[in-house]
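**Student:** 3D model of this:
(2 chains)
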There are 2 protein chains.
Amino acid sequence: MTHLVTFDAALEPVRVPTGTLLSEAARLAGLNLMQPCGGQGRCGRCAVRIIAGSARRRSSLRLSADDVAAGWALACQTVVEGDVTVAVPPQESIERRLTTDRTAREVVAPPGYDPIRDQTIRRLNLTLPPPSLDDQTDDWSRLQTAIRQESGLAVTRLDLDLLRRLGRILREGEWQVTAVVEDGPAEARLIDLRSGHTPVEAPLWGAAIDIGTTTVTLWLVDLLTGRVAAQVAEYNGQIARGEDVISRIIYASKNNGGQELQQLVLETITALLEAACARVGVSPSEVVKATFAGNSTMIHLLLGIPAESIRLMPFVTAVNHVPPLTGRDIGLPIHPAAAVDCLPGVASYVGADITAGVLSSGLDDAEAATLFIDIGTNGETVLGNREWLLTCACSAGPAFEGAGVLHGMRATRGAIEEVWINGATYEPTFRVIGGVPPRGLCGSGLISLLAEMFLTGVVDKGGHINTTLPTPRVRVGDHGPEYVVAWAAESATGSDIVITAVDIDNLLRAKAAIYAGFSVLADSIGMPLADVDRVLVGGSFGQYINVEKAVEIGLLPDIPWERFSFLGNTAVRGAYLALLDRAARERVRAIASRLTYIELSADNRFYEAFTSALFLPHTDLSRFPTVQAARAT
Amino acid sequence: MTHLVTFDAALEPVRVPTGTLLSEAARLAGLNLMQPCGGQGRCGRCAVRIIAGSARRRSSLRLSADDVAAGWALACQTVVEGDVTVAVPPQESIERRLTTDRTAREVVAPPGYDPIRDQTIRRLNLTLPPPSLDDQTDDWSRLQTAIRQESGLAVTRLDLDLLRRLGRILREGEWQVTAVVEDGPAEARLIDLRSGHTPVEAPLWGAAIDIGTTTVTLWLVDLLTGRVAAQVAEYNGQIARGEDVISRIIYASKNNGGQELQQLVLETITALLEAACARVGVSPSEVVKATFAGNSTMIHLLLGIPAESIRLMPFVTAVNHVPPLTGRDIGLPIHPAAAVDCLPGVASYVGADITAGVLSSGLDDAEAATLFIDIGTNGETVLGNREWLLTCACSAGPAFEGAGVLHGMRATRGAIEEVWINGATYEPTFRVIGGVPPRGLCGSGLISLLAEMFLTGVVDKGGHINTTLPTPRVRVGDHGPEYVVAWAAESATGSDIVITAVDIDNLLRAKAAIYAGFSVLADSIGMPLADVDRVLVGGSFGQYINVEKAVEIGLLPDIPWERFSFLGNTAVRGAYLALLDRAARERVRAIASRLTYIELSADNRFYEAFTSALFLPHTDLSRFPTVQAARAT
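**Tutor:** Below you'll find the model as predicted:
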C-alpha cells in the first residue's frame, strides 16, 4: 500500500509505501534534510510539521508535548501510514528552537494554566479627590484610601524617600497617579508612585535570577503577563577567584575577599540586568521585583554574609530563609524599593537553586519516585515524590559548564554542542550553536565528544587517549595528549580547538561525582536506580544534553530513554514561577522544609561510588547494560 | 482653743489658736520661712510637710495630688486645726522640687499604675543548642526558634547588616546571646543581637523626644522600667532660620532650605542625645526605640518631607501618620535598626505634640468639658471630653519660650522665673532657677513680670511703659522704653536685664493669639468659658506658670484657680507614654482620629477675638471679673 506525501518545500508530492520514514520520503522528493546524528533521532535537526494526514512517531526525543501536539515530528523517526502533508521549516528556525528559544518555549505553562494566579505586586491607576478646606486629609492617607478603594489593600509602609516625593508626585499628576504596591507577607507596601496613569497593557518589570557557581542567568519578565522579554546569561564574575564553592568560601574568608566576591557577582548581575533591559528599552530601575535562586554559598556571597560556616564542620549556613529585602538593601540598580526575594535553601550544599528546581520540575507532586539531577558545579540531586523527598550534593566542578576545560565555553553562539566521530577515520563532524565557525566546546558538546571518543576507541574506559591511532587529530600538545576537534582554519579563534587529557580527567571526575551522588541517594532508601520512574535533568546546559551519550559516558543512569526529561535551567525557571505567583512561592518554602538532606561528606559510600564511577561508563558494566550491548555489537 | 504645733527645725513647740496659719506659727517658733510671694500661696517656697496631726489646706497650688498625699502643704495657705507636727525641709530641696525635678516627679504615674503594660521592645537572654551534624539548622532559624521559645514571638525580619554579623555573634557568645526584638505592628523584628547574656536589671534605652518649634526636649528612658534617666532640652537649632512654623516652611522651600533645616534639628537632637547618654554613661547607639512628638511642620522638617502644602491653601500635610521608621532612616546616631515612631498628627497646625498632649493629660477620657492649652509657639488648644474633641491652632510666636524677647531664655538655671514689684518703689524682687545670679527671663518670669508691671502701673492696659515714673528702673534704651529687672552688678551677664516695649508687644500678641484661639473654640460650640470644668495647661514652660498672673495679663481665662492644672511639657510626656506602652500608642492614634480640627485661618471670629485680646487683660473687662475686682480695690 502506498501513500502520497506532500512536502510544502518540494516541487511535487511523492508516493511511498506504508512504513517509509519521512526523512526517506523527503530525500525522494529532492529535499536534503539535515541529519547530523545520522538519523538516530538524537539531534532534532530534521524536525518537520505534519500539517494533515497520518504518520506515526517512533520517538520524539527533543520535542515537547506541546511540539507534538502542534504537529512537530522528527523526520528520521516518523513513518508514513497514510497520505500526509508535511511542512519543512527553514533550517534556521529549527536551530533557533533547539538553542536559545528553547528555554523560553519550555516555560510556557500547560494550556489553561495561568502562571500569575496571585501576583504580589500590583500596579494601580488611581484618581484621588483633590484636597480642599472641607477635606484636609493628608496626602499619604488620601493615597492609602485610594489604594484601598481600588485594590482592597491596606498599604501601611513606604520608603521615607518616596514619602518625601509624595506631595509633588500627586500634584504634578493633578491627583492622577500610578501606584505600584506589594501585597507582602506581613503588610502591604507602596513600592513606587508616579504622576499620571499608565496604560494597562504596559509591562511591569521583574527579574528572575539564578546565581550559579559558574553561570548567572537572568530573565526579564513582565510581572503582569508572565511574558519573558529577555533571557541572558553570563559566567559568574567570581570564577577567577575559585571554580567551586569551597574555594570561593576560602577566598571570601580572607581579608576583604567576601566584599570582593560580592562586588564581582553584583557586577555580573548588573551587566545582565543592563543587557536584558537594553533589549526592551527600559532602565533597570524599572524592575520592581526580583527573585533569586542559587546555591547557599552563592546567596551568602551575594548578600555579603560570611559563608565560612558552610565549609566547616558541622556545615551550617547563616541563613536558609532570607528575610524579604529591597533593591536598596542588595545594591543592584533595580528600583530601590523593589521587592527582593531570595528563595529558600535547605542546607549548606542544597540551596535555593534546588528548591527552585524541584518547584519548576513538579517533582514534589509526582506520583512515582522521580530523580532530579542538577548537572552543575555542585551536582545536587533530589529523589522523591509527593510523599517524601531526599536530597544530597557533591562537588562536581564546573567542567560541564565549560569552565575548567581548556576550550570550554558556555552554550552560546559559537559553541560546539554536539560531535560525531567517524569510527574509521577518527574525523569529527559537529554542530555549532548559531551555525557559525566554532569558538569552543560547551557542556553538551563535551559529553557528546567524550562519548564518541569512547565509542570509537579514541579513549579507553579509563579515559586515556590512545596516542597510537593513525590520525593527526590525536597528538601530544602542551597539556599532554589531546584530540583536535576543529582545526585552526575552520575555527573562529584561529587556533585548533582541542580536548586534552586534563580536560577528560575533569570531565570524568565531574560525571563520577554526579553519578555517585544519585546512586548513593537511591541506595540509602534501598531503591535500585532501575526503579526510578522518571529522571529530570536540570542545569543551565541540561536542555541540550544528548541522553544516549550521557548514558554512554556514565553520567546518567542506564534506564530507558523515555524516562528522561531535560528541563534546562530549572533554578531560574523556579525563580520565574516564584516571581509570578504567591502560591508558587509558598510551595517552594514547603519544598525546602520537606527536603531531607543527606550529608555525603560524612558518608564513605559516596567515595566508593565516586571511585567506581571514574571509568567509562563505570567499573561495574552490569549497571550499563545498553552500553555493554552496544559495545558488544 | 489652742493647739501644739511642733516644727522639727525649731527648739520648742509653740501653742497657737485654731485657724492660725502654719507660716505664722513658724514665725512664732523662731523659723523664717521663705515667702517671696508675700504669703499668697503662689510661689510654693513655704512648702512644709505635715508629719502628724490636723491642719487644713486652703489652697495647694504648686503641689501635686501626690505631694498632698505625702503630707506637703503650703505654710501660708494652711491653718492649724489641732495638735500638729511639721517637718520643714531644707530650702534647697524645695527649690529643686520647684524647678528641675518637677517634670520628672510629675511623670510618675498614679499609684498602682504601671506605665509599661505592653512594651513592644523586648530583651531576651537566649541559650541556643549548638549546631551539629545531627542538627544542621541554619543560624537564623536557630535563633528564630530560640526567640519563639523564650518569648512566643515569631521574628521574621532583621537588617541585612545584622544578618551579616549573625554567625559571628552567635559563635563568639558560644551560643549565648542577648536579643532585642520588636513586636511591631505588622511583624516581629530583630533589632539587635549581642554575644553573651545581659543582666536582667540592666536598662534598655529608649528616647522620648518632643520637637518644639522653639525648644526640643528629650527624655532618656529605661524601656523596661519606665525610669527617666535624663531629661534635657535645648533651643531648636532651626530658630535662626525663622521663629515660627510659617517662616520655617518658607525657608525650607527655597534652595536647599529643607535639607538645611533637617540638618539643624538633627544636630540639636544629636546634641541632646549625646548629653543625655553621657549622663548615664552609654552610647547613643544603645537607644533602640524613639518616639517623636512635635507639630506637623517639625515632623515634616525632621524627616526631610516638603512642608510647603502646610502653609498653602487648603493647608494639608504630606503625612499625619508616619509609617514606622528606623534609626538608619532618620539619620540620628541611635541604633541603626532602632524603632522610630513619630506620633500621629491631625492637621497642618495640630500635630503630634497635641495628640501626645491630649494623651498625657487624659483629656480624651474626661467626664466634663476640659480645655487643654499648649502654651507654645503655635498655641494649639483642645476642648472636649470623652464624647467629643475640638481643636484649633494659632500662631502665638515664641515669646513665652523666651525667644523673640531681648533677654529671654529657656527655663533653665539662671532664668528669672518669678518677679514681684513693689507698688510704691517699683523695685523688683525675683526668684532665679537654681538660686544663682540671673542671666535672663524665662516664660513664667515674663508673665509674672508683665502682670506685676500692669498691677503696679509700670505699663498701662495697652502695654505701654509709663516713662514718667520716678524710678531709674524705667528708662528709654536702644530698643525704646524699657524696665530694668536686674542691674548689671547683680546679673550673671554683667549687663542690665531689661524688658523692652518690643518684648511687651510680642508678649501681648502671643497671649492674645492663645486667648483668641480657645475662646473661638468654646464659642464655636456655644460654650461660655466659665463653663469649662478644667483647664489643663501644657507647654515646655507651662509647669512654672503662676495662674494668678497669667489670668491678670489675660493669657488664661478668668475662672476659679482650682480648675487649672499645669502639666508641663505634655508633648514629651505623651511621647514617653507611647514609648512605654502599646495601648498608649494605640490611644494616641484614636485621639488623632477623634480630634475635629477647626481651621482658624479662614475664620474672621479669630481675628476679632485676637484684636480684642491685645490689651491687659482684655478690651472686655467683664471677661475678667476677678482682675477687675482686684484693680478696683
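**Student:** going forward, measure contacts between C-alpha atoms and count neighbours the same way
**Tutor:** Fine.
**Student:** quick one, strands of the stretch 501-633 of chain A?
**Tutor:** Ranges of strands in the stretch 501-633 of chain A, per DSSP state E, counting those that start in this stretch, are A:534-538, A:564-568, A:596-597.
**Student:** which one of those strands lies closest to chain B?
**Tutor:** Across these, the minimum distance to chain B, taken as Cα to the nearest Cα, is reached by strand A:596-597, at 9.5 Å.
**Student:** What residue in the stretch 401-550 of chain A comes nearest to chain B?
**Tutor:** Relative to chain B, the nearest point of the stretch 401-550 of chain A is residue A:524 (16.8 Å; Cα to the nearest Cα).
**Student:** Next, residue A:497: phi, psi?
**Tutor:** The phi and psi torsions at residue A:497 (degrees, to the nearest 10) take the values phi -100, psi 120.
**Student:** Please report the distance of the residue nearest the centre of chain A from chain B.
**Tutor:** Geometric centre of chain A, nearest residue: residue A:569, 1.1 Å, by Cα atoms, centre = their mean. From residue A:569 over to chain B the distance is 26 Å, taken as Cα to the nearest Cα, to the nearest Å.
**Student:** which one is the residue of the stretch 451-600 of chain A found nearest chain B nearest to, not counting chain neighbours?
**Tutor:** Per Cα to the nearest Cα, residue A:599 is where the stretch 451-600 of chain A lies closest to chain B, at 8.3 Å. Setting aside the residues directly before and after it, residue A:599 is nearest to residue A:392 in space (Cα to Cα, 6 or more residues apart in numbering or on different chains), at 6.4 Å.
**Student:** May I ask you to confirm that that neighbour is in contact with residue A:384?
**Tutor:** No: taking contacts as Cα atoms under 8 Å, residue A:392 lies outside contact range of residue A:384: 11.9 Å.
**Student:** continuing past the helix or strand bottoming out on mean pLDDT in chain A, what's the next helix or strand?
**Tutor:** Every helix and strand of chain A was ranked by mean pLDDT, DSSP states H and E. The lowest is helix A:100-107, at a mean of 36. Going down the chain from helix A:100-107, the next helix or strand is strand A:121-127, by DSSP states H and E.
**Student:** Just list what that next one packs against, helices and strands only.
**Tutor:** Contact partners of strand A:121-127 among helices and strands, from 3 or more Cα pairs under 8 Å, 6 or more residues apart in numbering or on different chains; DSSP states H and E: helix A:139-151, strand A:176-183.
**Student:** got a pLDDT number for residue A:48?
**Tutor:** Confidence at residue A:48, expressed as pLDDT, is 89.
**Student:** And the strand or helix carrying it, what's buried?
**Tutor:** For residue A:48, the element it lies in under DSSP H and E is strand A:47-57. Neighbour counts over strand A:47-57 (16 or more other Cα atoms under 10 Å in any protein chain shown) mark A:47-51, A:55, A:57 as buried.
**Student:** Out of the helices and strands packed on strand A:121-127, which one sits most buried?
**Tutor:** Each of the helices and strands packed on strand A:121-127 was assessed for mean neighbour count using mean count of other Cα atoms under 10 Å in any protein chain shown. The highest is strand A:176-183, with a mean of 22.
**Student:** Can you tell me what sits against that strand?
**Tutor:** A:120-128, A:147, A:153, A:155, A:169-170, A:188-198, A:339 (Cα atoms under 8 Å, 6 or more residues apart in numbering or on different chains).
**Student:** one step back: export the buried residues of strand A:47-57 to JSON lines and tack on distance to residue A:547?
**Tutor:** Shown next, in JSON lines, are the buried residues of strand A:47-57 (distance: Cα to Cα, whole Å):
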{"residue": "A:47", "distance to residue A:547": "18"}
{"residue": "A:48", "distance to residue A:547": "21"}
{"residue": "A:49", "distance to residue A:547": "23"}
{"residue": "A:50", "distance to residue A:547": "25"}
{"residue": "A:51", "distance to residue A:547": "29"}
{"residue": "A:55", "distance to residue A:547": "25"}
{"residue": "A:57", "distance to residue A:547": "18"}
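**Student:** now the nearest residue to residue A:196 once chain neighbours are set aside, which residues is it bridged with?
**Tutor:** In this structure, residue A:196 finds its nearest non-sequential neighbour in residue A:177, 4.4 Å apart by Cα to Cα, 6+ apart. Going by DSSP bridges, residue A:177 is paired in beta bridges with residue A:126, residue A:195.
**Student:** any residues touching whatever helix or strand residue A:309 lives in, and which ones?
**Tutor:** Assigned by DSSP H and E, residue A:309 belongs to helix A:308-311. Outside helix A:308-311, the residues within contact range by Cα under 8 Å, 6+ apart are A:246, A:249-250, A:252-253, A:297, A:315-318, A:348-349, B:167.
**Student:** Now with 6 Å, please.
**Tutor:** A:249, A:315-317, A:348 (Cα atoms under 6 Å, 6 or more residues apart in numbering or on different chains).
**Student:** Likewise for stretch A:367-382?
**Tutor:** Stretch A:367-382 has contacts (Cα under 6 Å, 6+ apart) with A:383-385, A:390-398, A:514, A:518, A:532-539.
**Student:** Tell me where the stretch 301-450 of chain A has strands.
**Tutor:** Under DSSP E, counting those that start in this stretch, the stretch 301-450 of chain A gives strands at A:325-326, A:339-342, A:370-374, A:381-384, A:389-392, A:415-421, A:428-432, A:440-441.
**Student:** Serialize these to a markdown table and add fields for distance to residue B:214, mean pLDDT and mean neighbour count.
**Tutor:** Below are those laid out as a markdown table (distance: least, Cα to Cα, whole Å; pLDDT from 0 to 100; neighbours: other Cα atoms under 10 Å in any protein chain shown):
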| stretch | distance to residue B:214 | mean pLDDT | mean neighbour count |
| --- | --- | --- | --- |
| strand A:325-326 | 38 | 96 | 20 |
| strand A:339-342 | 41 | 98 | 25 |
| strand A:370-374 | 66 | 94 | 27 |
| strand A:381-384 | 67 | 96 | 27 |
| strand A:389-392 | 65 | 95 | 23 |
| strand A:415-421 | 72 | 91 | 26 |
| strand A:428-432 | 76 | 91 | 20 |
| strand A:440-441 | 74 | 95 | 32 |
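**Student:** Format these as JSON lines; extra columns: distance to residue A:449.
**Tutor:** Output for the strands of the stretch 301-450 of chain A, formatted as JSON lines (distance: least, Cα to Cα, whole Å):
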{"stretch": "strand A:325-326", "distance to residue A:449": "44"}
{"stretch": "strand A:339-342", "distance to residue A:449": "37"}
{"stretch": "strand A:370-374", "distance to residue A:449": "21"}
{"stretch": "strand A:381-384", "distance to residue A:449": "24"}
{"stretch": "strand A:389-392", "distance to residue A:449": "28"}
{"stretch": "strand A:415-421", "distance to residue A:449": "5"}
{"stretch": "strand A:428-432", "distance to residue A:449": "9"}
{"stretch": "strand A:440-441", "distance to residue A:449": "9"}
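**Student:** Quick one, which of those gets closest to residue B:84.
**Tutor:** Nearest of the strands of the stretch 301-450 of chain A to residue B:84, taken as Cα to Cα: strand A:325-326 at 70.3 Å.
**Student:** sorry, back to before: and the gap between the residue nearest to residue A:196 and chain B?
**Tutor:** Residue A:177 sits 15 Å away from chain B, going by Cα to the nearest Cα.
**Student:** burial count for residue A:594?
**Tutor:** Look at residue A:594: counted by other Cα atoms under 10 Å in any protein chain shown, it has 17 neighbours.
**Student:** Many thanks, we can stop here.
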